[in-house]
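[1] Sequence and computational prediction follow.
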Amino acid sequence: MLAGGRGKAGGIKVAKTPKEAQAVAKSILGMTLSTHQTAGQGIKVDSVLVEGAAKIEKEYYFSVVLDRQSASPVVVASGQGGMEIETLAEEKPEAILRVPVDVDAGLPAYAARRLAFAMGVPADKAGEFSRMARALCRVFLDYDLSLLEINPLALTSKGLAALDAKIVADDNALFRHPDLAKLVDHESSALEKAAKKAGISYVGLDGNIGCMVNGAGLAMATMDTIGLAGGTPANFLDVGGSADEERVTKAFTIILKDPKVQAVLVNIFGGIVKCDVIAGGILAALKRVKIRVPLVVRLQGTNVDKGNELLARSGVKLIQADDLWGAAQKAVAAAKGAKGAA
């Protein structure tokens with residue numbers, strides 16, 4: 001499962017014999033784990049990784065992340081790694097070290113050596129640590145990662161070893177890394193995989209109001225407004241700048257496959273694509289997709305009057321709104337009405 005905290009949740013166990021390992025693996029397979037990183041959701045375990053145990057002399061923490069404030073990668077490291085790294089960051093922030101990484105040159109050798117000594121790495125292992133740290137920074141840069149975390153980075157009798165790793169690649173850069181794009185996606189839901197295949201940005205959430213929006217910023221604002229109106233969004237969905245019939249149809253299909261959805265809010269800004277063209281695409285899509293829940297549509301932008309008139313004259317059962325706040329309120333009320341009727 002792609003989440004931290006597996007050990008505390010009972011998902012990591014030690015076995016001393018092959019027979020014991022087999023029994024432990026059987027007990028883990030099929031179990032549902034919920035950790036502090038799964039947002040309260042249980043994730044079913046469908047595979048087990050078997051690793052040789054290591055005799056740890058010292059645990060360190062090492063990661064490379066994107067620092068949005070400085071717009072550059074940064075190494076975040078500590079001489080105290082392991083399961084309680086989050087607690088350490090809260091209680092002893094001075095124990096967390098930060099070193100900037102140059103996007104072209106990577107981590108300089110002198111900076112890696114300084115980091116080794118600051119972390120308390122033994123002097124005879126400083127060279128090994130420096131080579132490892134610089135190589136990890138190179139991997140981060142070369143593969144367009146947003147996170148590379150080694151915890152613990154362990155000192156053993158054989159030297160330094162990365163005993164656990166978490167790597168997050170930027171989806172927007174996967175076209176440069178076909179080897180990463182081919183990896184099996186164990187994290188996304190079936191709907192998220194279908195949306196990805198259709199070229200639509202979609203993330204499933206826990207609410208009951210489906211959202212179809214063009215533009216990531218507008219989609220986030222729409223979700224926030226639904227929350228302010230007392231509702232909860234069922235998804236983030238950015239249908240893209242060219243909301244034509246085909247894309248709208250695919251978006252409706254994906255949203256309505258979520259059984260939690262009890263109302264759909266379409267919030268489209270007509271910029272590059274005019275509102276009357278968008279309205280025509282929505283109506284054409286509704287002929288191909290059966291809407292089983294209330295539909296609220298709010299259009300704004302170029303030719304908005306023509307678009308709204310087209311929707312009003314269509315005879316299609318939908319709820320029109322002039323602004324986002326009104327649209328969110330109508331969507332929340334429609335979802336509550338649908339829930340009460342059910």
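    Looks like it came in fine. Numbering: from 1, shown residues only.

[2] dump the residue contacts of the residue nearest to the spatial centre of the chain.
    Nearest to the mean C-alpha position of the chain, by Cα atoms, centre = their mean, lies V203 at 7.8 Å. Neighbour list for V203: 192, 235-237 [criterion: Cβ atoms under 8 Å, 6 or more residues apart in numbering]. The way it works is simple: take the backbone N, C-alpha and C, and place the C-beta from them, glycine included.

[3] ranges for the helices of this structure?
    Per DSSP state H, the chain carries helices over the ranges 18-28, 85-91, 109-119, 126-142, 178-181, 190-197, 216-228, 245-256, 275-288, 304-312, 324-341.

[4] need the ones you listed in JSON lines with mean neighbour count, can you?
    Output for these, formatted as JSON lines (neighbours: other Cβ atoms under 10 Å):
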{"stretch": "helix 18-28", "mean neighbour count": "13"}
{"stretch": "helix 85-91", "mean neighbour count": "13"}
{"stretch": "helix 109-119", "mean neighbour count": "17"}
{"stretch": "helix 126-142", "mean neighbour count": "19"}
{"stretch": "helix 178-181", "mean neighbour count": "11"}
{"stretch": "helix 190-197", "mean neighbour count": "15"}
{"stretch": "helix 216-228", "mean neighbour count": "18"}
{"stretch": "helix 245-256", "mean neighbour count": "21"}
{"stretch": "helix 275-288", "mean neighbour count": "20"}
{"stretch": "helix 304-312", "mean neighbour count": "18"}
{"stretch": "helix 324-341", "mean neighbour count": "18"}
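
[5] Distance-wise, check L237 relative to T32.
    27 Å (Cβ to Cβ, to the nearest Å).

[6] I misspoke; the intended subject was A285.
    Distance of A285 to T32, computed by Cβ to Cβ: 37 Å.

[7] Name the spans of the stretch 101-250 of the chain whose pLDDT lies under the cut-off.
    Low-confidence segments of the stretch 101-250 of the chain (pLDDT under 70): 186, 241-243.

[8] Which segments of this protein make up each domain?
    What automatic domain parsing lists as the domains of the chain is 1-53, 58-179, 190-341.

[9] Find me the pLDDT at D276, would you?
    Note on D276: pLDDT of 89.

[10] The one 10 residues further on too?
    Per-residue pLDDT puts L286 at 87.

[11] Let me see the contact set for it.
    Contacts of L286 by Cβ under 8 Å, 6+ apart are 252, 316.

[12] I'd like the average pLDDT over stretch 74-87.
    Mean predicted confidence for stretch 74-87 is 83.

[13] May I see the buried residues of that stretch?
    For stretch 74-87, burial by neighbour count (16 or more other Cβ atoms under 10 Å) applies to 74-82, 85.

[14] could these go into TSV alongside distance to G127?
    Output for the buried residues of stretch 74-87, formatted as TSV (distance: Cβ to Cβ, whole Å):
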residue	distance to G127
V74	23
V75	17
V76	22
A77	17
S78	20
G79	17
Q80	22
G81	20
G82	24
I85	25
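
[15] which one of those is nearest R134?
    Distance to R134 across the buried residues of stretch 74-87 (Cβ to Cβ) is lowest for V75, with 10.1 Å.

[16] ok, for the closest one, nearest residue in space, not its chain neighbours?
    V99 (4.3 Å; Cβ to Cβ, 6 or more residues apart in numbering).

[17] on that earlier part again, present the helices of the chain as a markdown table; the columns should include distance to Y61.
    What follows is the helices of the chain, written out as a markdown table (distance: least, Cβ to Cβ, whole Å):
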| stretch | distance to Y61 |
| --- | --- |
| helix 18-28 | 26 |
| helix 85-91 | 5 |
| helix 109-119 | 9 |
| helix 126-142 | 12 |
| helix 178-181 | 24 |
| helix 190-197 | 31 |
| helix 216-228 | 31 |
| helix 245-256 | 39 |
| helix 275-288 | 49 |
| helix 304-312 | 53 |
| helix 324-341 | 42 |
